[in-house]
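**Q** Next one to model:
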Amino acid sequence: MAKVFVGDLDASVGDEELLRRFSEFGQVLDCKVNVEQSKDGRQTVSKGTGFVVFAELIAAELACSVGKQSGQRVWMVRPCCTTVGFNTPGV
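**A** Okay, the predicted model is just below:
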């Protein structure tokens, strides 16, 4: 099992899109876009970051090396510091 951090997400990206986009690298056990309450407290808004948990370390390494893009925005994909065994150069 391996967890990656995803940053620079557009506000329109939700859990379902994160799952769809990262499933191509391998089995996703869990994914979550970080949200917070809006200033008026009526809705939740994206913080522009999230986490994806893969069943296999190799899938997480591939996701970090290839990355993802949505429109003009390139998402930052990095291993979480809690993940043991990452072999990603430069991290």
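**Q** Flag every buried residue along the top helix by length along the chain.
**A** Longest helix of the chain, by residue count under DSSP state H: helix 57-66. Buried residues in helix 57-66, counted by 16 or more other CB atoms under 10 Å: 57, 59-64. To be clear about C-beta, it is placed using only N, CA and C from the backbone, and glycine gets the same treatment.
**Q** how much distance is there from that helix to the middle of the chain?
**A** Chain-centre distance of helix 57-66: 11 Å, with CA atoms, centre = their mean, to the nearest Å.
**Q** Just give the nearest non-adjacent residue to residue 48, would you?
**A** Leaving aside its sequence neighbours, residue 48 sits nearest to residue 9 (CB to CB, 6 or more residues apart in numbering; 4.9 Å).
**Q** Need the three-state assignment for the one you found.
**A** coil (DSSP: H, G, I helix; E, B strand; the rest coil).
**Q** who's sitting farthest from the centroid in the chain?
**A** residue 40 (27.1 Å; CA atoms, centre = their mean).
**Q** my read is that residue is in a helix, agree?
**A** No: counting by three-state DSSP, residue 40 is not found in a helix; it is coil.
**Q** ok, now how distant is residue 38 from residue 49?
**A** Using CB to CB, to the nearest Å, residue 38 is found at 17 Å from residue 49.
**Q** And these two? Which one has more around it.
**A** Comparing residue 38 with residue 49 by other CB atoms under 10 Å, the one with more neighbours is residue 49, at 16 against 10.
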